[in-house]
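Participant: Pasted the sequence and its predicted model underneath.
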Amino acid sequence: MNLEQLSLTAGGVLTVSVGLFHLAFWRLFDWKDELPRLQPVNRGVLQVLNIQITVMAFVLGFVSLRYPAELSSTPLGQALVWGIAVFWLVRALNQPLFWGMSSRVSMAFTAVWAIIALTYLIPAVL
């Protein structure tokens, strides 16, 4: 396994981990009590977006784990890798924008998103 494939495998593990983290949002953020305060449309949008991000994290993580050679060696794979890298880079940039950098938790999440972006940028640029 070369560096690109190893990096994609690491990215896949991290991306699946983010999917698992998103499954816990209802409990972690007490959505049972918190979401009823929102208007029904906003409550629905929030939950649907979370479900969709969870599914996408599992799909992208699976593809990264199952097909690292194809992702690193084909034009379609490279396009997907660039897309995933940009997704995580934008997520890293959004963290301080929406949550600031005054807490260690926010700094840690910014670092996590940046690390995941890096695991996809490595095979994208090599």
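Facilitator: Right, received. Where do you want to start?
Participant: so where's the longest helix in this structure?
Facilitator: helix 40-66 (DSSP state H).
Participant: Quick check: mean pLDDT of it?
Facilitator: Helix 40-66 shows a mean pLDDT of 98.
Participant: got the angle for the helix or strand where residue 118 lies vs helix 40-66?
Facilitator: Following DSSP states H and E, one finds residue 118 within helix 104-125. On the basis of axes from the mean of the first three to the mean of the last three Cα atoms, to 10 degrees, helix 104-125 is oriented at 50 degrees to helix 40-66.
Participant: hmm, back to that, tell me the helices and strands packed up against the following helix or strand past the longest helix of the chain.
Facilitator: Tracing the chain past helix 40-66, the next element assigned as helix or strand by DSSP H and E is helix 68-73. Counting contacts by 3 or more Cβ pairs under 8 Å, 6 or more residues apart in numbering; DSSP states H and E, helix 68-73 is packed against helix 3-23, helix 75-99. All C-beta spots, glycine's among them, are computed from the backbone N, C-alpha and C.
Participant: Buried residues of helix 68-73, list them for me.
Facilitator: By 16 or more other Cβ atoms under 10 Å, the buried positions in helix 68-73 come out as 68, 71, 72.
Participant: Let's have these in JSON lines, adding distance to residue 101.
Facilitator: Shown next, in JSON lines, are those (distance: Cβ to Cβ, whole Å):
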{"residue": "68", "distance to residue 101": "33"}
{"residue": "71", "distance to residue 101": "32"}
{"residue": "72", "distance to residue 101": "33"}
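Participant: Return the closest of these with respect to residue 38.
Facilitator: The nearest member of these to residue 38, counting by Cβ to Cβ, is residue 71 at 38.0 Å.
Participant: can you pull the contacts of that closest one?
Facilitator: 8, 63, 64, 77, 78, 80, 81, 123 (Cβ atoms under 8 Å, 6 or more residues apart in numbering).
Participant: if I look at the last one, how far off is residue 18?
Facilitator: From residue 123 over to residue 18 the distance is 18 Å, taken as Cβ to Cβ, to the nearest Å.
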